[in-house]
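Asks: I would like to see how this sequence folds:
(chains A and B)
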Protein chains: 2
Amino acid sequence: MSHDTVKVGLVGFGTIGGGVAQILLGKKEEIRRKTGKTIELVKICDKDLHSDRGVELPAGILTDDLSEITSSPIDIVIELIGGLEPARSFVLEFLRAGKDVVTANKALLANHGPELFDEARRLGRTIAFEASVCGGIPILSSIATSLQANTIKSINAICNGTSNFILSQMEGKGADYDDAVKEAQMRGYAEANPSMDVDGTDAVQKLTIMAQLAFGAKTDWKSIPRTGIDIVKAVDIRFARKLGKRIRLLATAARSGDGVELKVSPTLVSETSPLARVCDAFNAVEIVGDFVGPVFYQGLGAGRRPTASAVCSDVIDTALGRSRITFDALSLWSDKKESVRIVDPADTFEQAYLRFLVQDHPGVLAKTTGILGNHGISISSLLQEPEKNNGANLIILTHKAPAGKLAAAVQEIDESSFVLEKTVKMNVQEEEHDQQ
Amino acid sequence: MSHDTVKVGLVGFGTIGGGVAQILLGKKEEIRRKTGKTIELVKICDKDLHSDRGVELPAGILTDDLSEITSSPIDIVIELIGGLEPARSFVLEFLRAGKDVVTANKALLANHGPELFDEARRLGRTIAFEASVCGGIPILSSIATSLQANTIKSINAICNGTSNFILSQMEGKGADYDDAVKEAQMRGYAEANPSMDVDGTDAVQKLTIMAQLAFGAKTDWKSIPRTGIDIVKAVDIRFARKLGKRIRLLATAARSGDGVELKVSPTLVSETSPLARVCDAFNAVEIVGDFVGPVFYQGLGAGRRPTASAVCSDVIDTALGRSRITFDALSLWSDKKESVRIVDPADTFEQAYLRFLVQDHPGVLAKTTGILGNHGISISSLLQEPEKNNGANLIILTHKAPAGKLAAAVQEIDESSFVLEKTVKMNVQEEEHDQQ
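Replies: Sure, this is the predicted structure:
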């Protein structure tokens, strides 16, 4: 933008909106000194005109009338209302009113990325979205620009702070899953209904965005294999530890031949891996590039202040014109851009952690391992311990095997009469990047 | 740059130059697909026309005549000859010939940043230099752009891979300093004369660059307090471990009042800190911003491929015009930009690790602690063990104290007759960011 003062509107004045207003109002002079641009927050739109967001606003800035944003000479609109509608319609409206958009809305991009980006391109506008993945960690700009000379080989991300906090509680305090969820809710790390976090939906939507940036993967997030942490029990944490592992919810994208494998699953990572040391609500991402090797990032992935940091960086990039260059160069979600092949999940190879709850009878172990053997699955290690009600937990780490064969074997076991509960399956990460 | 094909020249065809040529020649089509620009490496200039750099060059591309770079229609010149002269004269020559410059030369920027950046501004050219600090880790672009909405509070960097490798060897294998240096030389992590690495010069020059970006600190690197790892002995590693600490060479910049404190020193960090887990030749940086909180980066800080990754990212940024925007916005090393106050080292507060080699006589401990007490230095913990030749190692962790008083106390102790060797002093990092 060629003018010295850039006008900004903010739509959605909740937790993160409050942080954004704090930065744009409180650091106006500092940002001008740093960048040469004056960035002026001129309007904030929200249905709620009365709640205290802990930030003092100039008179007349807050409105509940969206047209005060769309019909005024505002250059950049920040969308922070979240969810799909009316966020989608609003963003289209902003673009059509000639505004560039900054958003933190991963669900919106994962569901409507192609439509929104096509419309922005058609209208000569830009969309910036660093805050949509891993809050304050500048992971999208790293993939899109800093590591751009690399062919990305893999991304492993701890990108859901709620899940990581819950796993940390279970790990550190031996807490049960339900108690850990309650603690997370009490501490503000989990919502009253945390299902989108604990079932992996949030992580898989973020993975969709990272995979589009890193690999050009154009995919429906619902088609990506997804397991949440809601299957993890205290016994898994304990067994993982016996195996020298920690359990982390990993969103993984990995190049495989001419395609890309995508998945979200609780994953056993080596206790010496940097990912194993990411605790509480922290996020972390490990990217491996063909030239740069492994690069590891860790920071706060959510919350008012870290997310506001990312949103405001996007606002500055848009005001300075950097977003325009990146937006034009990347052609994200464009039909013109060739899309990488997504490897059929059944064709991928994986090392699996399997927990069977079986009848504690002689012969059951032989039957279980026999079924695995019939499907060509070989076993790396095995642990067994009694459970209540005459059951036994049987934990098996397999060697690397085709995911399709693993699924078939697990299905056959689940249909056997000696099984008391649906089998729990997690991934096991290869140990190639240890000793960092 | 508005044209679709951008011509690039490379000056200095050593280890890193080989990696850069591999990327620019081998990934030309991939980079065009990703960014829409064709980046063409048209000339490489080096005195040595014959050594094999492990990369196949098109005929006629390699020359020993610099005028083939300066007088041809090349848009971007990559400077990889290193050192101060003739690098400085060459870069000035490139700028004056209308070329934008990409460099990995931290010594050049730390010594001649103001002159080179002023000249680039005068001529309307740009200089990009991501590769000058921490190789493949995109730390400079993070400070300059991704975290731009933050007031940076502190930077702690492990930015010399040679030093970190040597400390890792001493830590992991109980090796003596001299043996660890030999191992580093054998493995290619240290040069035949490693003095610039082990005496902290390399780290302090990188700190100068980071501090200019993060704080606008304009300073002569020679004035920054600097201690290298050449003072570390096996006994220090052992004592640090007893205290729950690891020793890392940290380059530190921290806001303090209206100023910034800068220093490079072997530093005791808590074994639970992410910095403590950075081993071998890895680099890592922890940045704390007022909004983003702590962000931690880890990756390969040197070597052919990671450094080439950063150089080529800068080349692409320059070709696309992103470097121009960043260069103009930041006004680095400009007289017009207000410079932050550098806090006088004597006025800073620090917790110190002190190792005294003293005569193993009754009363010596009382004298030593007495001198510290007279200077107002209080003691947090104390360890003592006999050394050879009737000496004793006396290790003292102080509480936080004014650096000037610490220095005066150490000087008085060093002048005492019971002291057998110059006192060794390292810093101790506060434990505020643990539990990440």
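Asks: just checking, next helix/strand downstream of whichever strand or helix holds A:A408?
Replies: Under the criterion of DSSP states H and E, A:A408 resides in helix A:403-414. Sequence order places strand A:424-428 as the next helix or strand after helix A:403-414, per DSSP H and E.
Asks: coming back round to it: just the buried positions in the helix holding A:A408, please.
Replies: A:403, A:405-410, A:413 (16 or more other Cβ atoms under 10 Å in any protein chain shown). Glycine gets a C-beta too; all of them are placed from N, C-alpha and C.
Asks: residues in contact with it?
Replies: For helix A:403-414, the surrounding residues in contact (Cβ atoms under 8 Å, 6 or more residues apart in numbering or on different chains) are A:225, A:345-350, A:352, A:354, A:356, A:368, A:371-372, A:374-377, A:398, A:419, A:422-423, A:425.
Asks: Now with 7 Å, please.
Replies: A:345-350, A:352, A:354, A:356, A:368, A:371-372, A:375-377, A:398, A:419, A:422-423, A:425 (Cβ atoms under 7 Å, 6 or more residues apart in numbering or on different chains).
Asks: thinking again about what came up before, now the buried residues of helix A:403-414 in JSON lines, with pLDDT?
Replies: Output for the buried residues of helix A:403-414, formatted as JSON lines (pLDDT from 0 to 100):
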{"residue": "A:A403", "pLDDT": "93"}
{"residue": "A:K405", "pLDDT": "95"}
{"residue": "A:L406", "pLDDT": "96"}
{"residue": "A:A407", "pLDDT": "95"}
{"residue": "A:A408", "pLDDT": "96"}
{"residue": "A:A409", "pLDDT": "97"}
{"residue": "A:V410", "pLDDT": "96"}
{"residue": "A:I413", "pLDDT": "96"}
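Asks: What is the nearest of those to chain B?
Replies: Nearest to chain B among the buried residues of helix A:403-414: A:A403, at 28.8 Å, using Cβ to the nearest Cβ.
Asks: ok, now which ones touch the nearest residue to A:T162 once chain neighbours are set aside?
Replies: Leaving out its chain neighbours, the residue that sits closest to A:T162 by Cβ to Cβ, 6 or more residues apart in numbering or on different chains is A:D197, at 3.8 Å. Residues in contact with A:D197 (Cβ under 7 Å, 6+ apart) are A:160, A:162-163, A:190.
Asks: mind redoing it with 6 Å?
Replies: Contacts were defined as Cβ atoms under 6 Å, 6 or more residues apart in numbering or on different chains; by that measure A:D197 touches A:160, A:162-163.
Asks: what about whatever helix or strand it lives in, distance to the chain center?
Replies: In the assignment (DSSP H and E), A:D197 maps to helix A:195-198. Centroid separation between helix A:195-198 and its chain, computed with Cα atoms, centre = their mean, to the nearest Å, is 11 Å.
Asks: For the helix or strand following it, name the packing helices and strands.
Replies: Note on helix A:195-198: by DSSP H and E, the next helix or strand toward the C-terminus is helix A:201-215. With contacts defined as 3 or more Cβ pairs under 6 Å, 6 or more residues apart in numbering or on different chains; DSSP states H and E, helix A:201-215 has these neighbours: helix A:106-123, strand A:152-158, strand A:245-256, strand A:259-270.
Asks: Now render those as JSON lines, adding distance to chain B.
Replies: What follows is the helices and strands packed on helix A:201-215, written out as JSON lines (distance: least, Cβ to the nearest Cβ, whole Å):
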{"stretch": "helix A:106-123", "distance to chain B": "13"}
{"stretch": "strand A:152-158", "distance to chain B": "11"}
{"stretch": "strand A:245-256", "distance to chain B": "13"}
{"stretch": "strand A:259-270", "distance to chain B": "13"}
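Asks: Mean pLDDT added to those, as a markdown table?
Replies: Putting the helices and strands packed on helix A:201-215 into a markdown table (pLDDT from 0 to 100) gives the following:
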| stretch | mean pLDDT |
| --- | --- |
| helix A:106-123 | 97 |
| strand A:152-158 | 98 |
| strand A:245-256 | 97 |
| strand A:259-270 | 97 |
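Asks: got JSON lines for those, with mean neighbour count too?
Replies: Below are the helices and strands packed on helix A:201-215 laid out as JSON lines (neighbours: other Cβ atoms under 10 Å in any protein chain shown):
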{"stretch": "helix A:106-123", "mean neighbour count": "19"}
{"stretch": "strand A:152-158", "mean neighbour count": "23"}
{"stretch": "strand A:245-256", "mean neighbour count": "24"}
{"stretch": "strand A:259-270", "mean neighbour count": "24"}
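Asks: between the helix or strand bottoming out on mean pLDDT in chain A and strand A:424-428, how many degrees?
Replies: Ranked by mean pLDDT, DSSP states H and E, the weakest helix or strand in chain A is strand A:379-386, scoring a mean of 91. Relative orientation of strand A:379-386 versus strand A:424-428 (axes from the mean of the first three to the mean of the last three Cα atoms, to 10 degrees): 140 degrees.
Asks: Strand A:379-386: how far from the chain's middle?
Replies: With Cα atoms, centre = their mean as the basis, strand A:379-386 stands 32 Å off its chain's centre.
Asks: Write out the residues of the stretch 251-400 of chain A neighbouring chain B.
Replies: Along the stretch 251-400 of chain A, the residues adjacent to chain B under the rule Cβ under 6 Å from any Cβ of the partner chain are A:282, A:291-293, A:295-300, A:305-306, A:308-309, A:312-313, A:316, A:320-322, A:325, A:329.
Asks: Go again with 7 Å.
Replies: A:274, A:277, A:279, A:282, A:289, A:291-300, A:305-306, A:308-309, A:312-313, A:316-317, A:320-322, A:325, A:329 (Cβ under 7 Å from any Cβ of the partner chain).
Asks: Domain-wise, how is chain A divided?
Replies: With domains defined by automatic domain parsing, chain A comprises A:5-135+A:306-330, A:139-300, A:348-428.
Asks: how about A:G244, phi and psi?
Replies: Backbone geometry at A:G244, expressed as degrees, to the nearest 10, gives phi 70, psi 30.
Asks: For it, which residues are in contact?
Replies: A:G244 neighbours (Cβ under 7 Å, 6+ apart): A:270-271.
Asks: Same question for A:S146.
Replies: A:S146 touches B:138, B:141, B:313, counting by Cβ under 7 Å, 6+ apart.
Asks: Nearest spatial neighbour of it, chain-adjacent residues omitted?
Replies: Nearest one to A:S146, counting by Cβ to Cβ, 6+ apart, is B:P138 at 3.2 Å.
Asks: Could you report the neighbour count for that neighbour?
Replies: Neighbourhood size, B:P138 [other Cβ atoms under 10 Å in any protein chain shown]: 25.
Asks: Ok, A:W221 next?
Replies: A total of 23 residues lie near A:W221 under the criterion other Cβ under 10 Å.
Asks: Run a quick neighbour tally on A:G188.
Replies: 11.
Asks: Please report the distance of it from B:K182.
Replies: In this view, A:G188 and B:K182 are 53 Å apart by Cβ to Cβ, to the nearest Å.
Asks: dump the residue contacts of A:V198.
Replies: Contact analysis of A:V198 by Cβ under 7 Å, 6+ apart lists A:162-163, A:166, A:228-230.
Asks: pLDDT on stretch A:9-17, on average?
Replies: The average pLDDT within stretch A:9-17 is 96.
Asks: Tell me which helix or strand the nearest residue in space to A:L249 that is not next to it in sequence sits in.
Replies: What sits nearest to A:L249 in space, not counting adjacent residues and going by Cβ to Cβ, 6+ apart, is A:S163, at 4.2 Å. Element membership of A:S163 [criterion: DSSP H and E] is helix A:161-173.
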